[in-house]
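mind looking at a prediction? Sequence and model below.
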Amino acid sequence: MVKGDNINDIIDHKLFSEDDIHEMCVRLGAQLTKDYAGKRPLVVGALKGAIYFLTDLTRQMDVAHQLDFLDVSSYGDGFESTGKIKVVTDLAADVKDRDVLIIEDIVDTGLTLKFMKDLIKKRGAKSVKCCAMLNKEARRNVDVDVDYFGSKVGNEFVVGYGLDFLNMYRNLPYVGVLKPEVIQKYVNK
Ligand SMILES: O=P(O)(O)OC[C@H]1O[C@H](OP(=O)(O)OP(=O)(O)O)[C@H](O)[C@@H]1O
Ligand code: HPA
């Protein structure tokens, strides 16, 4: 349980329980095990939101792989994409000729994923795919494939299991919908 703010004051309702998320990881892990057999992919976690999903998902992947992280940010600490994406911390690994699998917590407008895929392709990767926990398709404003995902979500702001609001609430063990009034309280302040 998150200490500090009372969670009942900020969460409208739970969307995905710990069991739901575990099921997503098992299903996606089995699919990735098949698709990446013998490929030794470079698994790239998109910091910071993806770390919770990544650690559970990769433990369901029976595939030898290497791990790296990329911190690309467009939201800052806010909840609206600035549209300006920058690399905060770059990959350590050379992606040339590698099969790269990006792990994301959520794909929303798609801007972050498109930026990461384009960057990695430009550096000569053999393939670049993404596995996201959540796919907020209704908000997409660029054309980008989310190759694997756990579930679609509607146009609601979700927190927990890596997903943040103002860089908080990532440690909730489930995914919940943030109360609209919490957003209103902080917008334009
Ligand atoms: O599809 P988009 O509209 O680009 O939004 C999705 C991105 O936004 C969040 O990252 P954020 O930049 O907030 O950084 P974080 O992972 O550190 O929370 C999330 O983790 C995705 O990377
Ligand atoms: O719904 C969301 N929650 C948290 N972070 C996000 N980044 C894009 N969309 C979201």
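Thanks, I have it. Ligands and ions are numbered 1, 2, ... in the order given.

next SSE after the biggest helix by length in the chain?
In the chain, assigned by DSSP state H, the helix with the most residues is helix 18-35. Downstream of helix 18-35, the next assigned helix or strand under DSSP states H and E is strand 42-47.

that next one near ligand 1 at all?
Yes. Strand 42-47 is in contact with ligand 1 by C-beta under 6 Å from any ligand atom, via 46-47. C-beta here means a position set from N, CA and C on the backbone, and glycine is covered the same way.

near ligand 2, which residues of the protein?
75, 106, 108, 157-159, 163-164.

select only the buried ones of these in PyMOL?
Buried subset of the residues of the chain next to ligand 2, written as a PyMOL selection, criterion 16 or more other C-beta atoms under 10 Å:
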select buried, resi 75+106+108+157+158+159+163+164
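
now do the helices in this structure.
7-10, 18-35, 51-58, 111-122, 180-186.

what pLDDT does the closest residue to V88 other than its chain neighbours get?
Nearest residue to V88, sequence neighbours excluded (C-beta to C-beta, 6 or more residues apart in numbering): D71, at 4.0 Å. Looking at D71, its pLDDT reads 97.

ok, D71 - contacts?
46-48, 87-89 (C-beta atoms under 8 Å, 6 or more residues apart in numbering).

repeat that for K48.
71, 162, 164, 170.

and the pLDDT at the residue nearest to Y36 when sequence neighbours are not counted?
Closest residue in space to Y36, ignoring its immediate chain neighbours: V63 at 4.7 Å, by C-beta to C-beta, 6+ apart. According to the prediction, V63 has pLDDT 97.

I'd say V63 and Q31 touch.
No. Contact criterion C-beta atoms under 8 Å: V63 and Q31 do not qualify, at 10.9 Å.
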